[in-house]
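>>> Predicted coordinates and the sequence they were generated for:
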Amino acid sequence: MRTFNRKALLVAALSAGMVPVTGAAFAAEESEGDALCAQAAYSMGLRYQQRSAEVAALQRQGYALATLRLEQAIADHDEDANLAIITDLDETVLDNSALLVRDMQACHDYTTWDTWKHWEREGEPRLIPGAADFLEFADEQGVDIFYVSDRYQENEADTIASLEALELPQVSEDSVMLLGPPKAERRAEVVENHTLVMQLGDSLHDFSGEFAEADLEAQRRLVDDNAERFGDDWIVFPNAGYGDWSEAELNAWEAPLDTE
């Protein structure tokens, strides 16, 4: 974890409701030198991901586009083409932000993922807006659905139970393909017997093994190289909670700060 400016983190903690909003807050921090909760820096991204109407709109927009593209793909293939789609689960079909917020408010760094297995077993994720309607449409059209996720194989029964509780279609031990072989290998297994017409995910690793092996700058170049696929057979969903970008350096305007 990067070292953060102490006052900036206190502001973030105040915004997150983790520190009482009192006039003495800054004075107490200065005088006593209490350690601040570095995880409060996650609050802006989590607030955007969980609570913003814009993210809900983007998620619905992504599934509306996916539906249109799937309709086109079905029209472009013969009935015996054995069409399939692959979707990631977390932050694509399932909203796990409640776990991340709980950990942040406990000043625990959720990016260590040491609370994730407990969440897989006992958590109650919400559906991403638009996911159920899209997956039901794919099912009604006879398209095979594969849920390719890096959830833990040891919790396969719990993940399947969660998907079934959310009444998602085509949920089985064969269609839910969890952590073990790299995602690229699991996708290749689907392609062996199907015509893969669409992939959905929140991380670029969900689409190609090239992204998994690349650093951030290389990933940006790969996005340019594959520009025609985004919004066509690759549908990306927003995730401001975590990702390869989380430790990236920011570019700042070099002009001196001037307020009016």
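Okay, I see it.
>>> Okay, now the unreliable bits of this protein?
1-35 (pLDDT under 70).
>>> Which residue ranges of it form helices?
Per DSSP state H, the chain carries helices over the ranges 6-15, 25-32, 43-51, 53-75, 97-105, 116-122, 131-140, 156-165, 183-193, 209-212, 216-225.
>>> buried residues in the longest one?
Of the residues in helix 53-75, 55-56, 58-60, 62-63, 66-67, 69-70, 73-74 count as buried by neighbour count, 16 or more other CB atoms under 10 Å. All C-beta spots, glycine's among them, are computed from the backbone N, C-alpha and C.
>>> same question, the fifth one
The neighbour-count check on helix 97-105 (16+ other CB under 10 Å) flags Ser97, Leu99, Leu100, Val101, Asp103, Met104, Gln105 as buried.
>>> So Ala138 versus Asp144, what's the distance?
According to CB to CB, to the nearest Å, Ala138 and Asp144 sit 8 Å apart.
>>> Name the residues contacting each of those two.
Listed as contacting both Ala138 and Asp144 by CB atoms under 8 Å, 6 or more residues apart in numbering are Ile85.
>>> Have a look at the two and say which one is more surrounded.
The residue with more neighbours, out of Ala138 and Asp144, is Ala138; 24 against 19, by other CB atoms under 10 Å.
>>> In contact with the more buried one, which residues?
Counted by CB under 8 Å, 6+ apart, Ala138 has contacts Leu70, Ile85, Ile145, Pro169.
>>> In these, which residue is surrounded by the most others?
Busiest of the contacts of Ala138 [other CB under 10 Å] is Ile85, holding 24 neighbours.
>>> for that one, what are its contacts?
Leu70, Ala138, Val143, Asp144, Ile145, Phe146, Leu196, Val197, Met198, Gln199, Leu200.
>>> That's all I had, so thanks and see you.
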